[in-house]
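In: Just the structure for this:
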Amino acid sequence: MNGIKWAITIGLVIVTSLGYTQQFTSEDVRFNAQRDTITFGATITSPEQAGKFPALVLVTGTGAQNRDCEMAGNPLFRPIAEYLSARGYVVLRMDDRGVGQTTGDYSMATTSDFAQDALEAVTYLKKHPKVDNRRIGLLGHSEGGAAIAIAASQSADVAFLVSLAGLATDGLESLFVQNENLVANSPMSAVDKKRSNEINRLMFAVAYQYADSDSLENRLEETYAYWKEKDSIYAASLGMEHDRFRFPIWYYVQQATGPWYRYFVRYNAAKVLSQVDVPVLAINGDKDPFVDPVNLTYWEKYTRSANKGLVTTKLLPNVNHLMQACETCDTKEYADLSTIPDSTLQLILDWLNRL
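Out: Here you go, the predicted structure:
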């Protein structure tokens with residue numbers, strides 16, 4: 001097998017909600033990229049019995065995350081991997097660049113790089129003794145939805161896609177929608193919501209226009225100075241003598257001038273998805289402020305797969321960005337909720353079994 005195995009396979013047993021047990025095996029591995037200098041640390045779960053099985057590579061969203069895709073104290077990917085492997089699928093989940101056993105610098109990587117990392121994992125799985133290398137797919141969460149789409153558009157080795165709260169809009173549009181959703185759900189006053197949306201739109205548009213320019217930082221600072229002058233007059237006209245509302249200019253400039261943001265703001269979803277020609281399952285929660293449910297329509301609108309009836313979309317009620325069944329559905333609630341429910345895992349499994 002390509003790569004270096006650094007832990008022996010261990011048999012695991014899980015008890016399902018239906019009251020019966022099923023077994024799968026788990027092995028920790030390390031493997032080297034073929035087209036980069038990265039070494040990946042990963043866990044592969046697989047059915048206990050012998051044979052060749054379909055496989056999935058799990059791809060995380062924005063932010064450096066470990067292989068379990070642990071957010072707000074909850075692992076999203078581990079239950080997915082174990083549930084599917086106990087039911088006939090090989091699943092590889094890996095640490096992001098610079099996290100855990102994976103080398104590299106996450107801060108210097110882009111969505112395109114994450115797509116290539118996913119394809120490196122596919123190449124590795126093709127040599128795994130339990131994998132049917134004609135049936136390897138990708139599952140991505142959040143920005144991982146864009147990464148798996150890029151990967152599928154570039155490689156015939158990807159047989160299917162599963163998107164969980166996955167991005168299928170242009171980078172610039174997603175920034176507009178995401179931030180306006182967050183502002184709308186914030187405790188700010190109506191006046192401050194208006195001001196926040198105004199400066200956000202100005203800065204995002206400038207970041208888009210000058211994404212490939214060395215002058216981006218200066219342009220952003222000029223735009224902020226222009227807005228601040230006008231906004232100060234506006235605030236004074238409303239009697240806000242001690243107004244503290246200000247856009248976080250230093251932090252934003254540091255973020256916007258980095259490689260990830262420059263790539264992301266110019267990401268063209270329609271162009272990428274038009275080259276996706278494999279079955280797609282896209283699932284979103286209707287209480288997700290980060291990836292708006294409108295993204296589901298773009299999987300259906302832009303992909304070649306949709307023209308062949310190969311796209312399935314599901315909008316889940318009272319489900320948040322982390323695929324949790326939520327109550328208040330505020331981001332503060334994330335740490336208090338259980339991870340992805342069995343009902344959603346079963347939905348994914350049923351779709352996979354129909355391929």
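In: Name the surrounding residues that touch the longest helix seen in the chain.
Out: Secondary structure of the chain read by DSSP state H shows that its longest helix is helix 216-237. Under the contact criterion C-beta atoms under 8 Å, 6 or more residues apart in numbering, helix 216-237 has outside partners 195, 198-199, 202-203, 206-207, 209-210, 213, 243, 245-247, 249, 252-253, 256-257, 262. Glycine gets a C-beta too; all of them are placed from N, C-alpha and C.
In: now with 6 Å?
Out: Contact with helix 216-237 is made by I199, L202, V206, Y210, D243, I249, V253, T257, as judged by C-beta atoms under 6 Å, 6 or more residues apart in numbering.
In: Which of the helices or strands spans the second one?
Out: Spelled out, that is L202. Per DSSP states H and E, L202 falls inside helix 190-209.
In: and the angle for that helix with helix 216-237?
Out: Inter-element angle recorded for helix 190-209 and helix 216-237: 160 degrees (by axes from the mean of the first three to the mean of the last three C-alpha atoms, to 10 degrees).
In: so what secondary structure elements neighbour helix 190-209?
Out: Under the contact definition 3 or more C-beta pairs under 6 Å, 6 or more residues apart in numbering; DSSP states H and E, helix 190-209 sits against helix 171-184, helix 216-237.
In: Just want the angle from it to helix 171-184.
Out: Using the same axes, to 10 degrees: helix 190-209 against helix 171-184 is 170 degrees.
In: buried set for helix 190-209?
Out: Residues of helix 190-209 classed as buried by neighbour count (16 or more other C-beta atoms under 10 Å): D192, R195, S196, I199, N200, L202, M203, F204, V206, A207, Y208.
In: Please list all residues in contact with the second one.
Out: When contacts are counted by C-beta under 6 Å, 6+ apart, R195 touches F245.
In: Can you give me the distance of it to R201?
Out: Counting by C-beta to C-beta, to the nearest Å, the gap from R195 to R201 is 11 Å.
In: Tell me the secondary structure at the closest residue to M94 other than its chain neighbours.
Out: Closest residue to M94 apart from its sequence neighbours, by C-beta to C-beta, 6 or more residues apart in numbering: A42 at 3.7 Å. Of the three states, A42 takes strand under DSSP: H, G, I helix; E, B strand; the rest coil.
In: Name whatever forms a beta bridge with A42.
Out: Listed beta-bridge partners, A42: V29, M94 (assigned using DSSP bridges).
In: burial count for it?
Out: Counted by other C-beta atoms under 10 Å, the residues lying close to A42 total 23.
In: pLDDT at it, what is it?
Out: A42 carries a pLDDT value of 98.
In: got it, and T257?
Out: 97.
In: Same question for D36.
Out: We have a pLDDT of 87 for D36.
In: same deal with P187?
Out: 87.
In: Specify the local secondary structure of it.
Out: In three-state terms, and counting by three-state DSSP, P187 is coil.
In: quick one: low-confidence parts of the protein?
Out: Applying pLDDT under 70 to the chain picks out residues 1-22, 242.
In: all strands for the stretch 251-355 of the chain, in order.
Out: For the stretch 251-355 of the chain, the strands defined by DSSP state E, counting those that start in this stretch occupy 280-285, 311-316.
In: Can you say which of those strands is packed in most?
Out: Among the strands of the stretch 251-355 of the chain, strand 280-285 has the highest mean neighbour count (mean count of other C-beta atoms under 10 Å), at a mean of 25.
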